[in-house]
Every structure is written in structure tokens, then in C-alpha cells.
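structure of the sequence below:
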Amino acid sequence: PNGFEVTLTTERAYDIPDYAVIIQNFAKKAGIDVKLNVLPQDAYYGSATFGSSPWLDSNLGITDFGHRGTPDIFLNATLKSDGAWNAAHFKNADYDALLVDYGKARDLQAQRIAAGRIQTLLLDETPEIISYFSQYSRITSNKVESVRFTAISHLLLDRVTFVQA
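From the prediction side, this is the model:
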């Protein structure tokens, strides 16, 4: 009823500062005073180690994440008790054990069972919220060949050639 104050620390990148303002405005309606600490990306990530990174050391933050090849990279790095990117400071022995089960799964069915258990635990604990996904458009010209994009839409031009008319 009396609300509280919290600092939301984030990076000056993409639409994240605008999103932080939206969160601030919605929280205000609930009596929560959200102070914004929007930093340049290099300052936000700091050395990317605990104790010298606003990203990892803040109580509340917004961070962009790019695509990774397998989900276990996110599951281990961001939420495992000793995960290098565990900005949520989530420590749960049951979760850590489920990660081992997921990694040891020998077939798709076993992997799905382990993933379902992880999902149930994370829904109950909610150490982080993935609130939206960005959409990326990739446009190129028929005058060039071999333009490539990464999964997070980084443009790769190292193999590009011009089409001869």
C-alpha cells in the first residue's frame, strides 16, 4: 500500500530505454517508484563479471540477449547457481540438478521431460521475465549475392559479390 523505491538499471540500446519508461509508468500506478539508470552499453556490461558490472550487480535490470545455438547456453549461463550471466542471482539446487538431467538426455523424449520440469520450476520461481522478442527484417538487393545474416540479424558482407548484368 505504501509502495517502495527501486532502481532499474539498463543499457542505452535499441528500444530498451523506451521500454524502461513504460515499466516505470506502469509501476507508478502500483505505488512503485522506479528510478531509471540508463547507461551506455560499455558501462552497463562493465567487465561482465560480478562486482564490476551494473548488468550483473543491479537489483532490477533489462538486458538484451541475442540468439544462441542451443537453449542450454541460456539455461546454464543465466540461471545456474554459479552461472556467469546470472544477473538474477538465482540459486536453486533443484534447478541445477534439472540442468544436469537435461544435458544427459539421450533422446528427444527425455529432453522434453527434463525441459518440462525446468519450465515448471521456472514458472513457479520466476527468477527472470522474458517480456518480448524483437522482430528483425532482412532486406537485400538482387544486385548482390552471398549476403548473410546471423541469427540476431548481424549483416555479414565478407562473401558478397555484385551480380553482373
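
CA only for contacts and neighbour counts going forward, please
Will do.

helices and strands around whatever helix or strand Tyr19 lives in, which ones?
Assigned by DSSP states H and E, Tyr19 belongs to helix 16-29. Helix 16-29 sits against strand 4-11, strand 32-39, with contacts defined as 3 or more Cα pairs under 8 Å, 6 or more residues apart in numbering; DSSP states H and E.

give me the contact list for it.
When contacts are defined by Cα atoms under 8 Å, 6 or more residues apart in numbering, helix 16-29 is touched by residues 8, 10-11, 33-36, 38, 62, 64.

of the residues you listed - the most surrounded one?
Ranked by the number of neighbours (other Cα atoms under 10 Å), the contacts of helix 16-29 place Thr10 first, at 26 neighbours.

per-residue pLDDT of Asp107, please?
Looking at Asp107, its pLDDT is 96.

what about it, neighbour count?
Asp107 has 8 neighbours, counted by other Cα under 10 Å.

measure it to Ser53 for me?
38 Å (Cα to Cα, to the nearest Å).
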